[in-house]
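> model this:
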Amino acid sequence: MGSVDVRPFGHLADGRQVDRFDLVNGDTTVGILSYGGIIASWVTPNADGELSDVVIGFDDLDGWRSDPQYFGAVVGRYANRIRYGRFPLDGRTVDVTSNQGDHQLHGGAKGFDKAVWDAEVQRSEPDVGVRLRHVSPSGDEGYPGTLTVEVTYTLDAAGTLRMDFVASTDAPTVVNLTNHVYWNLAGTGDILDHFVRIDASTFLEIGEGTLPTGAIRPVHGTAFDFRRPRRIGDHIDDVDDQLALGGGYDHCYVVDGDPGSLRPCASVVGGGRVLEIATTQPGVQFYSGNGIRSRPGRGDETYGRHSAFCLETQHYPDAPNIPAFPSTRLDPGDELRESTTMSVRPAIAG
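Below you'll find the predicted structure:
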């Protein structure tokens with residue numbers, strides 16, 4: 001039988017309380033914060049039965065508040081990048097906050113990762129979960145329309161976490177939502193020996209600022225081909241991520257199959273564990289932790305370059321400026337609904 005342990009996790013400067021929700025089911029415990037909708041921890045056994053936390057993070061709220069790299073957070077209104085912080089909508093140009101040079105990244109200067117979400121425990125035996133809700137007012141970081149967002153995290157008895165997004169608006173706008181969890185299946189060290197498989201035959205070509213050019217390229221014969229498991233470190237030095245970080249993966253892949261259907265997206269083997277991800281989203285951003293800044297983390301850990309990787313299920317970056325990409329427009333009366341499942345299980349020898 002699953003359980004949910006709820007406890008205060010600290011307060012912001014304005015006095016608002018942040019709570020932590022530990023979802024426990026089987027041999028898996030997933031910690032969720034009401035601040036940023038953050039997946040703060042994921043404790044699960046490896047093939048030898050040893051428990052480790054397989055996501056990177058911090059011991060206290062101050063660590064999360066000072067984190068500039070979205071560890072474990074829900075990001076929005078628009079995950080990933082918008083070129084020059086502007087896009088066309090109904091014959092006018094919408095200007096949004098630019099917070100990565102001339103461009104916007106992950107919703108702007110104060111995105112959903114910095115919000116305190118309303119939270120409600122969910123129980124439907126044997127599943128346990130928490131539903132988070134946030135209302136983003138019209139004009140928030142420049143976006144039109146009041147946007148109401150819910151994300152529900154549900155942990156089942158097999159240790160699979162399901163993440164369901166629902167969003168609605170009172171005026172036309174654009175939306176792209178994801179969770180930015182950083183994985184290290186060994187719980188420590190770097191992730192270069194992890195083996196990744198991505199269910200994608202094509203990926204988005206990028207240029208300056210890691211922004212898509214609009215071209216969709218086949219992975220065949222390139223360093224981007226992860227259709228069969230490939231060690232992250234094998235070709236990382238062959239990849240120019242356009243960010244002057246010495247190369248590495250920070251690319252959006254087009255997930256095979258029909259968007260809107262829950263289908264396999266990626267799997268990773270490392271540290272005696274297997275991560276499996278499925279999604280309804282059209283894309284997944286694979287990031288090999290090229291730019292993780294050196295800083296103290298949880299316990300005695302110090303994080304740095306390649307301490308973790310991300311597989312962010314989402315719509316395509318800069319889609320509002322590239323008509324050929326799947327639309328991220330949301331109108332009144334419509335709902336955005338996207339789901340992703342993530343599971344971490346012990347690897348089986350052989």
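> Now stretch 259-274 - C-alpha only, PDB.
C-alpha atoms of stretch 259-274 as PDB (Å, rounded to 0.1, in the frame of the first residue of the first chain):
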ATOM      1  CA  PRO A 259       2.000  12.600 -30.900                       C
ATOM      2  CA  GLY A 260      -0.900  12.500 -28.500                       C
ATOM      3  CA  SER A 261      -0.500   8.800 -27.900                       C
ATOM      4  CA  LEU A 262       1.500   7.500 -24.900                       C
ATOM      5  CA  ARG A 263       4.500   5.700 -26.600                       C
ATOM      6  CA  PRO A 264       8.100   4.700 -25.800                       C
ATOM      7  CA  CYS A 265      10.400   7.700 -25.800                       C
ATOM      8  CA  ALA A 266      13.700   6.700 -24.300                       C
ATOM      9  CA  SER A 267      15.500   4.300 -22.000                       C
ATOM     10  CA  VAL A 268      18.900   4.600 -20.100                       C
ATOM     11  CA  VAL A 269      21.000   2.000 -18.400                       C
ATOM     12  CA  GLY A 270      23.500   3.000 -15.700                       C
ATOM     13  CA  GLY A 271      24.500   2.400 -12.100                       C
ATOM     14  CA  GLY A 272      22.700  -1.000 -12.100                       C
ATOM     15  CA  ARG A 273      19.400   0.600 -13.000                       C
ATOM     16  CA  VAL A 274      17.200   1.100 -16.000                       C
END
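> Can you find the helix or strand in the chain with the smallest mean pLDDT?
Ranking every helix and strand in the chain by mean pLDDT, DSSP states H and E puts strand 295-296 at the bottom, with a mean of 93.
> And that strand, how far out from the chain middle?
Remark: strand 295-296 is offset 21 Å from the chain centroid, using CA atoms, centre = their mean, to the nearest Å.
> What of stretch 321-331?
Put simply, stretch 321-331 sits 20 Å off its chain's centre (CA atoms, centre = their mean).
> average pLDDT across it?
Mean pLDDT, computed over stretch 321-331, is 98.
> just stretch 135-143 next, same as before
For stretch 135-143, the per-residue pLDDT values average out at 98.
> now do stretch 300-316
Averaged across stretch 300-316, the pLDDT comes to 96.
> If Gln314 is in a bridge, with which residues?
Gly283 (DSSP bridges).
> Just after the least confident helix or strand of the chain, pick out the following helix or strand.
Next helix or strand after strand 295-296 toward the C-terminus (DSSP states H and E): strand 302-303.
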